[in-house]
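Chemist: Can you look at this prediction? I've put the sequence above it.
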Amino acid sequence: MATKKFNPVTPSLRNMTVSDFAEVTKKTPEKSLLTVKRKKSGRNSYGKITVRHQGGGNRQKYRIVDFKRKKDDMPATVIGIEYDPNRTANIALIKYEDGTLSYILAPVGLKDGDMVMSGEKADIKPGNCKKLSDIPVGTMVHNIEINPGQGGKLVRSAGQEAQLMAKEGNFANLRLPSGEMRLIMLNCKATIGTVGNAEQENVKLGKAGKTRHLGKRPEVRGSAMNPVDHPHGGGEGKAPVGHAGPMTPWGKPALGYKTRKNSRTDKFIAKRRK
């Protein structure tokens, strides 16, 4: 996939780029795998805004993606590669031998007509899903389970991959895209290959309106506010933060402050991310 540029006939088009959607071969989604996606505008069940700067945006239907890949040892044919508005990666529509349709994340190199499979009999090729115990060391994988049978949780965004570095005891050592080395149980599943649509990171929105289409509302800098509204506010002209480090509107440390508190799973991190 590559990006498409425009002639600078307007200020917004001067810098705007979009995907050329060269990987996409199927334009309309499968209706049986669609479900309603209700807008919340960053509000909780009481109507209170808990996530700021959300609202508006284009209407979207949610595509039900199979992250579990439970149909073992049953081949499936790729019908088409589709765009998914809910994620950066493209998705592939596959049809199993028993006629069941399903969506999976589309890895690099997967094309219409290819065969994919899950289970012990599956080959080591992009799109096939196997337990980490059956995957050779050094293989690039994505859509990795944290707990067996839970479904893939790690490495699912466009262009991402993790490398299986070693196997020791009941655990596999994986190097995640962040640089973190993490221990995952060998009976957890992972999909072979790298997630497709890697050029997505080069897309430039170019104008404020395109950000609104994504459901993101304008975000005001704290330094532009008054002291009553934000810890960074106040002062004559461009004033510094005035604290030991950047802060949230509610006075909590931000931008680089470590918030991880799940000490129960610290033992599974062999090496912290960069």
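Modeler: That came through, no problem.

Chemist: May I have the phi/psi pair for residue 201?
Modeler: Dihedral pair for residue 201: phi -70, psi -20, per degrees, to the nearest 10.

Chemist: From residue 16, how far out is it?
Modeler: Remark: distance between residue 201 and residue 16 (Cβ to Cβ, to the nearest Å) = 15 Å. To be clear about C-beta, it is placed using only N, CA and C from the backbone, and glycine gets the same treatment.

Chemist: Read off the pLDDT value for the one residue sitting closest to the centre of the chain.
Modeler: Residue closest to the mean C-alpha point of the chain, counted by Cα atoms, centre = their mean, is residue 157 at 3.1 Å. Note on residue 157: pLDDT of 97.

Chemist: Look up how far residue 148 lies from it.
Modeler: Taking Cβ to Cβ as the measure, residue 157 and residue 148 are separated by 23 Å.

Chemist: Look at residue 201 and residue 16 and report which has more neighbours.
Modeler: Of the pair residue 201 and residue 16, residue 16 is the one with more neighbours under other Cβ atoms under 10 Å, namely 19 against 11.

Chemist: residue contacts, that one?
Modeler: Taking Cβ atoms under 8 Å, 6 or more residues apart in numbering, we find residue 16 in contact with 6, 204-207, 210.

Chemist: Now with 10 Å, please.
Modeler: Residue 16 makes contacts with 3-6, 8, 10, 203-207, 210, as judged by Cβ atoms under 10 Å, 6 or more residues apart in numbering.

Chemist: Name the SS class of residue 93, please.
Modeler: On the three-state scheme (DSSP: H, G, I helix; E, B strand; the rest coil), residue 93 is labelled strand.

Chemist: these two touch, right, it and residue 102?
Modeler: Yes. The criterion here is Cβ atoms under 10 Å, and residue 93 meets it with residue 102 at 7.6 Å.

Chemist: where do the contact lists of the two overlap?
Modeler: The overlap between the contact sets of residue 93 and residue 102 (Cβ under 10 Å, 6+ apart) consists of 30, 33, 76.

Chemist: Could you identify which of the residues you listed has the most neighbours?
Modeler: Within those, most neighbours by other Cβ under 10 Å means residue 76, with 24 neighbours.

Chemist: Which positions in stretch 222-234 come out as buried?
Modeler: By neighbour count, with 16 or more other Cβ atoms under 10 Å as the criterion, the buried positions of stretch 222-234 are 222-223, 230-233.

Chemist: Number of residues surrounding residue 259?
Modeler: Neighbourhood size, residue 259 [other Cβ under 10 Å]: 7.

Chemist: Reduced to three states, what does residue 157 come out as?
Modeler: Residue 157 is classified as coil under three-state DSSP.

Chemist: Please list all residues in contact with it.
Modeler: Counting by Cβ under 10 Å, 6+ apart, the residues that residue 157 touches are 87-89, 105, 142, 177, 195, 197, 200-201.

Chemist: again, only this time at 8 Å
Modeler: Taking Cβ under 8 Å, 6+ apart, we find residue 157 in contact with 87-89, 195.

Chemist: tell me the SS of the residue lying farthest from the centre of the chain?
Modeler: In the chain, the residue that sits farthest from the middle, by Cα atoms, centre = their mean, is residue 236; the gap is 41.3 Å. When classified by three-state DSSP, residue 236 comes out as coil.

Chemist: one step back: more neighbours, residue 93 and residue 102?
Modeler: Between residue 93 and residue 102, counted using other Cβ under 10 Å, residue 93 has the larger neighbour count: 23 against 19.
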